[in-house]
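Asker: coords please:
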Amino acid sequence: MIIRKGKPEDMKGVLALIQELADFEKEPDAVVITEDDLIRDGFGTHPLFHVFVAEVDDNIVGIALYYYRYSTWKGKTIHLEDLVVKQSMRGTGLGYALYSEIIKQGKKDNVRRIEWAVLDWNTTAIEFYENSGAKVFDEWKIAQMDEESIHYFVENKLK
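Answerer: Down below sits the predicted model:
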């Protein structure tokens, strides 16, 4: 198993794992990005994300995709968008290895917080995170606007 920074040629495998995650989270039709989107957005002059990949026998079998955010309370932080391990590779330590790379990156970058979201029904992941020393908050709710909501707001609320 090799953990390394992702490269543009890895994005086909990264996209496959993103789709596997969407399937696992019961949102199989939610992924609209393409391999080209990932290459453009992750490897341009100002990358919007970074990714560590886990490789076994020249196959991408895990990813930890993250980006930097800024907290008005803490300063520079890392947001771990997705930590995905191919189903057949779960339980091998691969997830822990990827998770460790994110934490090491945060330490290297002197961030004051690393954060992510976890579904409340994913008890295995919650236990994994809590066992590592992370706090999983019950009182915070995630808010987001999808494309349809953005369009509705701009067309109907800004007039």
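Asker: rounded mean pLDDT for the host helix or strand of residue 15, please.
Answerer: With secondary structure defined by DSSP states H and E, residue 15 is part of helix 11-24. The pLDDT scores in helix 11-24 average 97.
Asker: how many residues are close by the nearest residue to residue 95 once chain neighbours are set aside?
Answerer: Distance criterion C-beta to C-beta, 6 or more residues apart in numbering; nearest residue to residue 95, sequence neighbours excluded, is residue 85 at 4.6 Å. All C-beta atoms are positioned from the backbone trio N, CA, C, and that covers glycine. Neighbour count of residue 85, defined by other C-beta atoms under 10 Å: 24.
Asker: distance of residue 85 from residue 102?
Answerer: Computed as C-beta to C-beta, to the nearest Å, the residue 85 to residue 102 distance reads 13 Å.
Asker: likewise residue 70?
Answerer: For residue 70, the distance to residue 102 - C-beta to C-beta - is 18 Å.
Asker: more crowded one of those two?
Answerer: More neighbours surround residue 102 than the other of residue 70 and residue 102, with 19 against 8 (other C-beta under 10 Å).
Asker: so that one sits against residue 64, correct?
Answerer: Yes: assessed by C-beta atoms under 8 Å, residue 102 is found in contact with residue 64 at 5.1 Å.
Asker: can you list residues touching both of those two?
Answerer: Residues within reach of residue 102 and of residue 64 at once, by C-beta atoms under 8 Å, 6 or more residues apart in numbering, are 52, 80, 83.
Asker: that's a strand at residue 77, yeah?
Answerer: Yes: judged by DSSP: H, G, I helix; E, B strand; the rest coil, residue 77 forms part of a strand.
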